[in-house]
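Student: model the following, please.
(chains A and B)
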There are 2 protein chains.
Amino acid sequence: MTKRAIPIELYYWPGIQGRGEFVRLLLEDAGAAYVDVARERENGLLAMMHLLEGEESGALPFAPPFVKVGKTIVSQTANVLAFLAPRFGLVPDDEALRAEASQIQLTLADFVDEVHDTHHPIAGSLYYEDQKGAAKRRARDFVGERMPKYLGWLEKVLARNKRSSGQWLVGADCTYVDLSAFQIVEGLRYAFPNALARLEPQIARVVALHDRVAERPRIVAYLKSQRRQPFNQMGIFRHYPELDAPSPRVRRTRR
Amino acid sequence: MTKRAIPIELYYWPGIQGRGEFVRLLLEDAGAAYVDVARERENGLLAMMHLLEGEESGALPFAPPFVKVGKTIVSQTANVLAFLAPRFGLVPDDEALRAEASQIQLTLADFVDEVHDTHHPIAGSLYYEDQKGAAKRRARDFVGERMPKYLGWLEKVLARNKRSSGQWLVGADCTYVDLSAFQIVEGLRYAFPNALARLEPQIARVVALHDRVAERPRIVAYLKSQRRQPFNQMGIFRHYPELDAPSPRVRRTRR
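Tutor: Modelled structure (predicted):
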């Protein structure tokens, strides 16, 4: 018998996809042995809090998600992905292409931060209802300016990638960055369905990338499983109709 | 004669320290040959805009700062630093320590984003004056909750680093992360002098780290030079007294 590898431990808040989902998608696509500690282990959430409070040695995470691989703790989503991806062939070996993957992932992370701030522009510790006015103003800018800018940039990055004829974001094959781009399209479809529907004709490559990832066998299996949690109003991508663009029907009536 | 190395090209908005300053501090401390293109070259700003518009091949940056090293373009501050640091011995070789440096740098980047959003909670495209109410609310949360949380975490990271007896954040020696932590203390002293003065007694290690970096000979020379631009009301760290904590004198009067 071969020695069984110690599973990677993923630590993230239970009950939401959140930033943890970017790590889950990598681990699932890789077919990696992992434990979603706070969801799957008894007292897993407590174990996570202990690590956040610095009760064990090693790198101190500021916030989840983080992973434990052997004795090494790694936090910050983009850093976790860059650390894991080479172990599973989900990023090229070339230094410049790795730096490019990282620059795209960090830009996606900024995009995700801005999605979060549409419903929490003032403070993460306050309820949405207590910052609704500011949220509406911030979301108007997000839907009108920022979301088209980020998605348009992604579209350009795909168009420029000759190595994969525009099929993947970096290098010739699928990388962790493509999995994250898939999740962003999923999240925007949930949170800003009208705004995204309006933009989709201009970002055909990004939509095709999403569909390509959705067809990967392990991603298909994951999305059908109980391990994939549904989007909800506690995560980063939240559907507040008042923050989305108006529906096309409403717009037509207004003309 | 030895062949002269091609200087690293740094691209960033002229007139502010901004996120470009984290890269400048690394290059300066390393004694690297570099050109601050938009400030030092004729039509440098135009060259930067061309690269942002994708008029040259290679990785497409979403925003400055980015660097060009030979033919490789690298963007996203933390990614730029992680790319440059090994070339100058400003990060350990060990994979786990590099991942730790990156997780700290990315947490500092989040901190910097939150500093920015104190004066621009609604939209980067609007004037501060047009989002002053929301800015006051966001800054109250920043000063009361977020700033102590980030700085307290940094203090803990230093206290836990036995490899340097708490002198540096990662490993035994000064790394790029320490240079960035220095800049954050500098920025907070400018933008939130009262709030930082109140916290300083609780973050003695962070303050000592700042002073240690400020004594490094190349940093001393840089800070005295014309290359170091002053803080101002266009950058990330801005001093709006109404966003800072009240001054100790005012607080005393109120008691």
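Student: so what touches the host helix or strand of residue A:51?
Tutor: Secondary structure assignment for residue A:51, by DSSP states H and E: helix A:44-52. Residues from elsewhere that reach helix A:44-52 (C-beta atoms under 8 Å, 6 or more residues apart in numbering or on different chains): A:11-12, A:14, A:37-38, A:41, A:56, A:61, A:63-64, A:66, A:68, A:73. C-beta: built from backbone N, CA, C; applies to glycine.
Student: and for stretch A:69-81?
Tutor: Residues outside stretch A:69-81 that contact it (C-beta under 8 Å, 6+ apart) are A:6, A:8-9, A:19, A:22-23, A:26, A:51, A:56, A:58-67, A:83-84, A:102, A:105-106, A:109, A:176, A:180, B:96, B:99-100, B:102-103, B:106-107.
Student: returning to that earlier point: parallel or antiparallel, which strands does the very next helix or strand once past the helix holding residue A:51 pair with?
Tutor: Following helix A:44-52 in sequence order, the next helix or strand is strand A:66-69 (DSSP H and E). In the sheet, strand A:66-69 lines up against strand A:8-11 (antiparallel), strand A:72-75 (antiparallel) (DSSP bridges).
Student: tell me which parts of the stretch 1-150 of chain A are close to chain B?
Tutor: Within the stretch 1-150 of chain A, the positions adjacent to chain B are A:54, A:57, A:59-62, A:72, A:74-76, A:78-79, A:82-83, A:96, A:99-100, A:102-103, A:106-107, A:110, A:113, A:117, A:121-123, A:125-126, A:131, A:134, A:137-138, A:141, A:145, A:150 by C-beta under 8 Å from any C-beta of the partner chain.
Student: show me where the stretch 1-150 of chain A has its helices.
Tutor: For the stretch 1-150 of chain A, the helices defined by DSSP state H, counting those that start in this stretch occupy A:20-30, A:37-40, A:44-52, A:77-84, A:95-119, A:132-141, A:147-160.
Student: ok, residue A:193 - contacts?
Tutor: Residue A:193 touches A:239, A:244, counting by C-beta under 8 Å, 6+ apart.
Student: distance of it from chain B?
Tutor: Applying C-beta to the nearest C-beta, to the nearest Å, the value for residue A:193 to chain B is 22 Å.
Student: next: residue A:26.
Tutor: For residue A:26 relative to chain B (C-beta to the nearest C-beta), the value is 15 Å.
Student: and residue A:24, by the same measure?
Tutor: 19 Å.
Student: what residues does stretch A:84-98 touch?
Tutor: Under C-beta under 8 Å, 6+ apart, the answer for stretch A:84-98 is A:8, A:23, A:26-27, A:29-30, A:32, A:67, A:69, A:82, A:101, A:170-177, A:179, B:59, B:72, B:74.
Student: tell me the average confidence for it?
Tutor: For stretch A:84-98, the mean pLDDT works out to 97.
Student: tell me the buried residues in it?
Tutor: Neighbour-count burial for stretch A:84-98, counted by 16 or more other C-beta atoms under 10 Å in any protein chain shown, picks out A:84-85, A:90-92, A:96-98.
Student: pull up the distance across it, start to finish.
Tutor: Using C-alpha to C-alpha, to the nearest Å, the end-to-end distance of stretch A:84-98 comes out at 12 Å.
Student: likewise stretch A:89-101?
Tutor: Per C-alpha to C-alpha, stretch A:89-101 runs 13 Å from first to last residue.
Student: which residue packs closest to residue A:62, ignoring adjacent ones?
Tutor: residue B:107 (4.4 Å; C-beta to C-beta, 6 or more residues apart in numbering or on different chains).
Student: and if you look at residue A:58?
Tutor: In space, residue A:58 is closest to residue A:73, 4.5 Å off (C-beta to C-beta, 6+ apart).
Student: can stretch A:231-247 be found next to chain B?
Tutor: No. Residues of stretch A:231-247 contacting chain B under C-beta under 8 Å from any C-beta: none, with a closest distance of 13.1 Å.
Student: okay, buried residues for that stretch please.
Tutor: A:231, A:235-240, A:243-245.
Student: before we move on, back to that, whichever of the contacts of helix A:44-52 end up buried, select them in ChimeraX.
Tutor: ChimeraX command restricting the contacts of helix A:44-52 to the buried ones, with burial defined by 16+ other C-beta under 10 Å:
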select /A:11,12,37,38,61,63,64,66,68,73
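Student: so what's residue A:130 up against?
Tutor: Residue A:130 is in contact with residue A:122, counting by C-beta under 8 Å, 6+ apart.
Student: and the gap between the closest residue to residue A:56 other than its chain neighbours and residue B:44?
Tutor: Closest residue to residue A:56 apart from its sequence neighbours, by C-beta to C-beta, 6+ apart: residue A:50 at 6.8 Å. Using C-beta to C-beta, to the nearest Å, residue A:50 is found at 51 Å from residue B:44.
Student: ok, those two, which is more surrounded?
Tutor: Higher neighbour count among residue A:50 and residue B:44: residue B:44, with 17 against 12, using other C-beta atoms under 10 Å in any protein chain shown.
Student: tell me the confidence at the more buried one?
Tutor: Per-residue pLDDT puts residue B:44 at 97.
Student: again with residue A:251
Tutor: At residue A:251, pLDDT is 52.
Student: coming back round to it: any chance of a markdown table for the strands paired with strand A:66-69, columns distance to residue A:196 and mean pLDDT?
Tutor: Formatted as a markdown table, these follow (distance: least, C-beta to C-beta, whole Å; pLDDT from 0 to 100):
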| stretch | distance to residue A:196 | mean pLDDT |
| --- | --- | --- |
| strand A:8-11 | 28 | 98 |
| strand A:72-75 | 30 | 97 |
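Student: can I get these in CSV with distance to residue A:154?
Tutor: Output for the strands paired with strand A:66-69, formatted as CSV (distance: least, C-beta to C-beta, whole Å):
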stretch, distance to residue A:154
strand A:8-11, 26
strand A:72-75, 25
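Student: what pLDDT does the model give residue A:135?
Tutor: Residue A:135 is given a pLDDT of 96.
Student: nope, residue A:190 is what I was after
Tutor: pLDDT recorded at residue A:190 is 98.
Student: what's the burial count for it?
Tutor: Counted with other C-beta under 10 Å, residue A:190 comes out at 17.
Student: name the element it belongs to?
Tutor: Assigned by DSSP H and E, residue A:190 falls in helix A:176-191.
Student: same check on residue A:205?
Tutor: Taking DSSP H and E as the definition, residue A:205 sits inside helix A:204-214.
Student: quick check: mean pLDDT of that helix?
Tutor: In this model, helix A:204-214 has a mean pLDDT of 98.
Student: how far does it sit from its chain's centre?
Tutor: Averaging C-alpha positions (C-alpha atoms, centre = their mean, to the nearest Å) puts helix A:204-214 15 Å from its chain's average.
Student: tell me which residues of it are tucked away?
Tutor: By neighbour count with 16+ other C-beta under 10 Å, helix A:204-214 contains the buried residues A:205-207, A:209-210, A:213.
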